[in-house]
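Enquirer: sequence and predicted structure, then a few things I'm wondering about:
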Amino acid sequence: MRADPKWVLHKLKIARGQLEVIIKMVQDDKYCVDISNQILATNALLKRVNHEILQEHIRGCVADALATDEPNEKVEEALALLKKLA
């Protein structure tokens, strides 16, 4: 992985904490809108982390593959991932 592992781990640990809060909210029968807002915040954080990882993959792994004779595999992987994001 070419993205900064410290940054990625930090953000993922925050997301894990947010998930724990969401679970507790559900267990405590909190207000639906409050639970939904927490889920949206967690989704946004995970999307940001994923975006950073994919950016660095394209900047590094895909760029390196383009410099070789057979870049298709890495390019196709990146395109498949981008398609999933849509």
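Expert: Sure, I can see it.
Enquirer: nearest residue to the residue nearest the centre of the chain other than its sequence neighbours?
Expert: Closest residue to the average C-alpha location of the chain: residue 50 at 2.3 Å, with CA atoms, centre = their mean. Of all residues not flanking residue 50 in the chain, residue 85 sits nearest, at 7.8 Å (CB to CB, 6 or more residues apart in numbering). Just so you know, the C-beta spots here come from the backbone N, C-alpha and C atoms, and that holds for glycine as well.
Enquirer: how much space separates that neighbour from residue 30?
Expert: The gap separating residue 85 from residue 30 is 30 Å, by CB to CB, to the nearest Å.
Enquirer: over to residue 75?
Expert: 45 Å.
Enquirer: buried ones in the longest helix belonging to the chain?
Expert: If you go by DSSP state H, the chain has its longest helix at helix 32-57. Using 16 or more other CB atoms under 10 Å as the test for burial, helix 32-57 gives 35, 38, 42, 46, 49-50, 52-54, 56-57.
Enquirer: gap between that helix and the chain center?
Expert: 7 Å (CA atoms, centre = their mean, to the nearest Å).
Enquirer: so which bits of the helix or strand following that helix are buried?
Expert: Per DSSP states H and E, the first helix or strand lying C-terminal to helix 32-57 is helix 63-66. Across helix 63-66, burial judged by 16+ other CB under 10 Å covers residue 65.
Enquirer: swap in stretch 65-79?
Expert: Those would be 65, 74, 78, for stretch 65-79 by 16+ other CB under 10 Å.
Enquirer: reformat the buried residues of helix 32-57 as CSV; add pLDDT and distance to residue 15.
Expert: Shown next, in CSV, are those (pLDDT from 0 to 100; distance: CB to CB, whole Å):
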residue, pLDDT, distance to residue 15
35, 98, 16
38, 98, 11
42, 98, 6
46, 97, 6
49, 97, 7
50, 94, 11
52, 94, 13
53, 94, 13
54, 91, 17
56, 93, 18
57, 90, 19
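Enquirer: and of those residues, the nearest to residue 18?
Expert: Of all these, residue 18 sits closest to residue 42, with 4.3 Å by CB to CB.
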